[in-house]
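1. sequence plus predicted model, see below.
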Number of protein chains: 2
Amino acid sequence: MKKVTFKFDNAPDVETYANEGEKLLDVAKKANVVIDAPCSGNASCGKCIVKIVGGTVESSITRHFTESEFRKGFRLACNSKIIEDVVVSVPDIASAFKNRMKISDLSSEEELKIFRNTQDRIAATGLKFENDFKILDLELNVPSLDDTMPDNERLSRAVAKETGCDKIQISYNIMRKLPKVLRENDFHVKVLVSNEDEHIIVNDVIPPLKWLYVAGLAVDIGTTTVSAVLFDMISGDFLARGAMGNGQIRYGADVINRIIEASKEGGSKKLKDAVLRETINPLIREMCSSAGISRDFIYRMCVAGNTTMNHLFAGIYSEPIRMEPYIPEFYQTERLRAGDVGVAINPDAEIIMCPNIGSYVGGDITAGVLANCMWNNPEMTLFVDLGTNGEIVFGNSDFLMSCACSAGPAFEGGDISCGMRAMDGAIESITIDEKTLEPKYSVIGEPGEKPVGICGSGIIDIISELFRVGAINPKGKFIREGKRIRHDEDGMGSYVVAFQEESGTIKDVELNEVDIDNFIRAKGAIFSGIRTLLSSLDFDVDMIDKLMVAGGIGSGINMENAINIGMFPKIPLEKYEYIGNSSLSGAYTALFSNEAEEKVYEIGKSMTYIELSTTPGYMDEFVAACFLPHTDASLFQ
Amino acid sequence: MKKVTFKFDNAPDVETYANEGEKLLDVAKKANVVIDAPCSGNASCGKCIVKIVGGTVESSITRHFTESEFRKGFRLACNSKIIEDVVVSVPDIASAFKNRMKISDLSSEEELKIFRNTQDRIAATGLKFENDFKILDLELNVPSLDDTMPDNERLSRAVAKETGCDKIQISYNIMRKLPKVLRENDFHVKVLVSNEDEHIIVNDVIPPLKWLYVAGLAVDIGTTTVSAVLFDMISGDFLARGAMGNGQIRYGADVINRIIEASKEGGSKKLKDAVLRETINPLIREMCSSAGISRDFIYRMCVAGNTTMNHLFAGIYSEPIRMEPYIPEFYQTERLRAGDVGVAINPDAEIIMCPNIGSYVGGDITAGVLANCMWNNPEMTLFVDLGTNGEIVFGNSDFLMSCACSAGPAFEGGDISCGMRAMDGAIESITIDEKTLEPKYSVIGEPGEKPVGICGSGIIDIISELFRVGAINPKGKFIREGKRIRHDEDGMGSYVVAFQEESGTIKDVELNEVDIDNFIRAKGAIFSGIRTLLSSLDFDVDMIDKLMVAGGIGSGINMENAINIGMFPKIPLEKYEYIGNSSLSGAYTALFSNEAEEKVYEIGKSMTYIELSTTPGYMDEFVAACFLPHTDASLFQ
């Protein structure tokens, strides 16, 4: 066994042992050292960069390094084998993404504004913002030798009298706390009740003078990030917000790699632990501590995730989702309890899941549709959710039709050598001078923040600008020369946005032809998805009244540039609207409002799902869309 | 810290450490060494006898030893303090009761006969021996690109079609196994369903060719012993039977001491663990292994225990049961699941509890009444269940009235210096020669088994015989002399049934005046309970048409002698019937038959409970009954 020591900027060393020949990335996984590896370790994304500061590993130079960088000790963890004791420095950008990500958890003023707009839009449909939780103040008769009714019956009768319903259900956990809480408070208690089927459920019994928080937890389980709001189920007010990278990231960037990992021996538990025990539960702890409430006050939870995330979260075998004919275990669940699944909230809390409607269109999308209100609008709306994958819904108050595009993680910086998520240090917008090809860019973070990579909106801008100034051709190949354009020994061109000395990282921040190609395929997937969905209905882009864009790509996206590169159809800019994290907004609404919960199930049942991979014509559309802006340029004039 | 080593006849040593001054009995408890201590360690029962074979303890001589025995190293563990390192030999009789007890688990031919009689009696009432479990053989449509319904919906629809009910409920555990079991069997599966409210519950989904055992587990949780039957819920046939001492015994012999222990910090878990993890779960493992089935095949369980046992089993705070006004948390429970409580059967299995009807008349008695069918009989029936306590029910098909007597553990050998439970080595019946006072006795066990103690039926016989031959007066004091009658220095008389050299133990097997006094108080409690119950209804013993006796005292009881000492009222012997472990028979029936389950709830609701301790006249009745046979001898002429 060889000793492997991982060093971090802001955390204590991690020491572990590895067999000779083991991959450094695998060693890190086993030691729970998070190294970003969206390509699952096949040396294509270049994200798992580390620096060897003691000992050596067996590795080779890749397109992600210059020879001088290689000499300095930089390696890809996925491309390095252990041959002796080694000390590995893990750079901040790779290891700390969990804590530093800028993710949509409704924390910023801008997000809050979008969230409030969404709530206004939903309220305008007439859905009532009301739920079935009720707090009763009950003074029970104190037992005596003449009145020896047992505690549970005493409580049930009082609840029945107060609610007019005689089917009362008291859980095992409440049974266990009942005798003490009744006697410590002279049989005067506050009782939290709710409805299930025709029963009244007793959710809690507490002292009469204790403040009873009835908290709800809405969670958007994204493939890359998990975001959540904790709120008061009575007033609807936020108690805490939070977000964290999905701990499953180390098992692959996309759902397919996750399913493959989960289907291995013990994999289901591993993947469930990663998202639940390492991500959601710590997030809940943080939020509860910031709100100053016990986790037992969270009496209901709503989850909005894609079909795969929902299955992995619940620890349910997901292999059939990725194998033809692509069948999930569930669209909708029933009576799922937090205690069963292992969510660190009140163990009796019900977990509502926004329903899936197909193997690749899940609860995040039904929640998103609930939030965007297209189900209540006669206008033809196109809804595009750009997360780690891209999902598209088209329809109005009469019908809803959806599909998913394997766009891959490019919009979030995956599959792009200098790509990164929209966090501090990311170039988020850019213009390029037509003559000098010099860039002007803005970087997320404090003023003066140095660039370390490029996020989705930045990539759209760079490609759009390079195309506009004639630096690349419709296939994304460089056709101009300049100080910032260079070619490697294999002839691959790249554009340097920030030279190493201007940047906050160890190498130039650049975009190369492979990156551009990856991105073109991603935008092509979205555009061809939209086209295929519309043409299956004999619709044309002109008939789109509204285009709503949601997802982690962020409000920084320049819609005009996105049209210029052929990612979205050419329609008037005023028809576009960015609606933020509509999954989280929808989950919040479905949890807070019983009518909204019913509505999201109804949306799930009424929405049609098209499996693009088996739809004739889709591949042709996709190939045609893998140009700038499109092989049929007339579509963008 | 001092080292304490426990030595056993047939088990490896147990070594532990103790503080100076600690009680040896407490040290044993902490080290999980079982030493029988029914009096909870106040040096009154003399059961926790051990022999110090190395080092010394601080102790004093008690009435349980002669000086010579004391010199040999015999001590009461409860009366010994640690002062130095010590080696303690734990005699077999104290440590091994768990494995050697002869307890009613329907294993003997005689018990089986009684059980069959009970079932015949119940069948004669017209109750149907049928339950709601059904096995469906379902060939689901195999999914395709044109039929992408998720697994749970696919199953639900097929079940709905087969059963005609469209409210189908699939538990989390079934959700988790569904995708694999469907695909491994080409969507052809066996499905076990049952009913709950208006829903169909899916209990299991298994391969079509696998044998599906639908097993039910009926458990009688006695204060002293736990007995159980595992049976086939379709045919009703036994799969396995078993019994074990209740592991809570080390926390006290009676329910009051158990409640006190449970009410201490962490006590509830300790007592629950003792009966569940140390007793019931190992018993289930044994029975499953002998039946050759997995515990997951146990889909429903029925518990019959007294009110305290039911609470401690479920880990529910029981202190209010022993404090005026004596209020349990529950009479009846609802939707209790094995997984919640921690019973090692299918985690989704429902636990049915035969209902309690008062703080000291519990599910063991409602189960017993279900089994004895007095609810269907116009004849006036008196039902006496002699367990660790005594419970009495009087009534017929029109009414049922019950009470509990704090008879204590004397019938099972507790509070009697040479008393023991009805197991190998126990003297179970005896006659005494009127002239010579020489005894003739029979001992439980193989022919030639030497006596080590006296069980309940033996004690009844000895007292009855000593009284008949004029050796003791109505107060139980010795009034004759003889070789076998002796008095100690304080003048306390005793009768030696077997001298040490005839016995299989370390001292004479005898019955002394304190023992007789204890037993007289116990029989007095039963008789006065019967009298109080009857007189509250203005009934006389003559009006009893039938007297049914149940419980661990066993079929060995000589009813004539029991009348002679004034334990039971003097009615014609043919009116008596011994009905064995009616709690277990009742639990079996309530589990196997849905109608019987409803009936036992009905019995629970219709039965009236009288709290004797607060009933005027009871104390006078009790004092009057503490004579042989009674202060009012006319009652027994």
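-> Now that the structure is in, tell me what you want to look at.

2. helices or strands up against the lengthiest helix in chain A?
-> With secondary structure taken from DSSP state H, chain A has its longest helix at helix A:513-536. Under the contact criterion of 3 or more C-beta pairs under 8 Å, 6 or more residues apart in numbering or on different chains; DSSP states H and E, helix A:513-536 touches strand A:381-386, strand A:390-395, strand A:400-405, helix A:456-468, strand A:493-498, strand A:608-610, helix A:618-625. Where you see a C-beta, it was placed from the backbone N, CA and C, and this is true even at glycine.

3. the residue of the stretch 351-500 of chain A found nearest chain B in helix, strand or coil?
-> Here the residue of the stretch 351-500 of chain A nearest chain B is residue A:358; by C-beta to the nearest C-beta that distance is 6.9 Å. Assigned by DSSP: H, G, I helix; E, B strand; the rest coil, the conformation of residue A:358 is coil.

4. residue A:438: how many residues sit nearby?
-> 11 (other C-beta atoms under 10 Å in any protein chain shown).

5. if I read this right, it contacts residue A:495, doesn't it?
-> No: here residue A:438 does not reach residue A:495: they are 11.1 Å apart, not a contact under C-beta atoms under 8 Å.

6. need the overlap of contacts for the two.
-> Common contacts of residue A:438 and residue A:495 (C-beta atoms under 8 Å, 6 or more residues apart in numbering or on different chains): residue A:484.

7. return the helix or strand in chain A with minimum mean pLDDT.
-> helix A:97-100 (a mean of 38; mean pLDDT, DSSP states H and E).

8. in the helix or strand hosting residue A:119, which residues are buried?
-> Using DSSP states H and E, residue A:119 sits in helix A:109-124. Within helix A:109-124, the residues that count as buried by 16 or more other C-beta atoms under 10 Å in any protein chain shown are A:111, A:114-115, A:118-119, A:121-122.

9. ditto for stretch A:383-397
-> In terms of neighbour count (16+ other C-beta under 10 Å), stretch A:383-397 has its buried residues at A:383-396.

10. what of stretch A:137-144?
-> Buried, per 16+ other C-beta under 10 Å, within stretch A:137-144: A:138, A:140, A:143.

11. return only those of those found close to chain B.
-> residue A:143 (C-beta under 8 Å from any C-beta of the partner chain).

12. which of the buried residues of stretch A:137-144 fall in helices?
-> Per DSSP H, the buried residues of stretch A:137-144 never map to helices.

13. which ones among the buried residues of stretch A:137-144 are found in strands?
-> Of the positions in the buried residues of stretch A:137-144, residue A:138 sit in strands, assigned by DSSP state E.

14. point out the residues in the stretch 101-250 of chain A that sit beside chain B.
-> Close to chain B, as judged by C-beta under 8 Å from any C-beta, the stretch 101-250 of chain A has residues A:143-145, A:147-153, A:169-170, A:172, A:175-176, A:178-180, A:183, A:197.

15. rerun that using 6 Å as the cut-off
-> Residues of the stretch 101-250 of chain A lying near chain B by C-beta under 6 Å from any C-beta of the partner chain: A:143-145, A:148, A:150-152, A:172, A:175-176, A:178-180.

16. what about these, which are in strands?
-> Going by DSSP E, the strands hold none of those.

17. just the buried residues from those, in ChimeraX please.
-> The ChimeraX command for the buried members of these (criterion: 16+ other C-beta under 10 Å) is given here:
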select /A:143,148,150,151,152,172,175,176,178,179
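
18. the residue of the stretch 351-500 of chain A closest to chain B contacts residue A:609, correct?
-> Yes: counting by C-beta atoms under 6 Å, residue A:358 does reach residue A:609; the two are 3.3 Å apart.

19. which single one of the buried residues of stretch A:137-144 is nearest to residue A:637?
-> Residue A:637 lies nearest to residue A:138 out of the buried residues of stretch A:137-144, by C-beta to C-beta, at 70.9 Å.

20. now do the closest one against residue A:35, distance only.
-> In this view, residue A:138 and residue A:35 are 55 Å apart by C-beta to C-beta, to the nearest Å.

21. give me the mean pLDDT for stretch A:130-146.
-> On average, the pLDDT along stretch A:130-146 is 96.

22. again, but for stretch A:479-490
-> On average, stretch A:479-490 scores 91.

23. list the buried residues for that stretch?
-> A:484-486.

24. residue ranges with poor pLDDT in the stretch 1-150 of chain A?
-> Within the stretch 1-150 of chain A, the ranges that satisfy pLDDT under 70 run A:10, A:37-40, A:42, A:44-45, A:92-107.

25. show me where it has helices.
-> A:24-30, A:67-71, A:92-95, A:97-100, A:109-124 (DSSP state H, counting those that start in this stretch).

26. now those in TSV, please, with extra columns for distance to residue A:567.
-> Shown next, in TSV, are the helices of the stretch 1-150 of chain A (distance: least, C-beta to C-beta, whole Å):
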stretch	distance to residue A:567
helix A:24-30	32
helix A:67-71	32
helix A:92-95	26
helix A:97-100	25
helix A:109-124	21
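
27. would you map the strands across the stretch 501-637 of chain A?
-> Secondary structure of the stretch 501-637 of chain A by DSSP state E, counting those that start in this stretch: the strands cover A:509-512, A:546-550, A:576-578, A:608-610.

28. of those strands, which is nearest chain B?
-> strand A:608-610 (7.6 Å).

29. wondering if that closest one reaches chain B at all.
-> No: figure legend: strand A:608-610 not in contact with chain B (C-beta under 6 Å from any C-beta); closest approach 7.6 Å.

30. surely residue A:462 meets residue A:509?
-> No: Residue A:462 sits out of contact with residue A:509 when judged by C-beta under 6 Å, with a separation of 10.4 Å.

31. ramachandran coordinates for the residue positioned nearest the centre of chain A?
-> Against the mean C-alpha coordinate of chain A, by C-alpha atoms, centre = their mean, the closest residue is residue A:222 at 2.1 Å. Dihedral angles of residue A:222 (phi, psi; degrees, to the nearest 10) stand at phi -90, psi 160.

32. show the contacting residues for it.
-> Contact analysis of residue A:222 by C-beta atoms under 6 Å, 6 or more residues apart in numbering or on different chains lists residue A:387.

33. please report how far it lies from chain B.
-> 21 Å (C-beta to the nearest C-beta, to the nearest Å).

34. which residue is the nearest non-sequential neighbour of residue A:272?
-> residue A:315 (4.0 Å; C-beta to C-beta, 6 or more residues apart in numbering or on different chains).

35. actually, residue A:69.
-> Excluding its sequence neighbours, the residue lying closest to residue A:69 (C-beta to C-beta, 6+ apart) is residue A:507, at 6.0 Å.

36. do the same with residue A:483
-> residue A:437 (7.4 Å).

37. just checking, that neighbour touches residue A:482?
-> Yes: taking contacts as C-beta under 6 Å, residue A:437 lies within contact range of residue A:482: 4.4 Å.

38. and the residue nearest to residue A:69, what's its pLDDT?
-> So residue A:507 comes in at 79 (pLDDT).

39. and what of the one 4 residues further on?
-> According to the prediction, residue A:511 has pLDDT 95.
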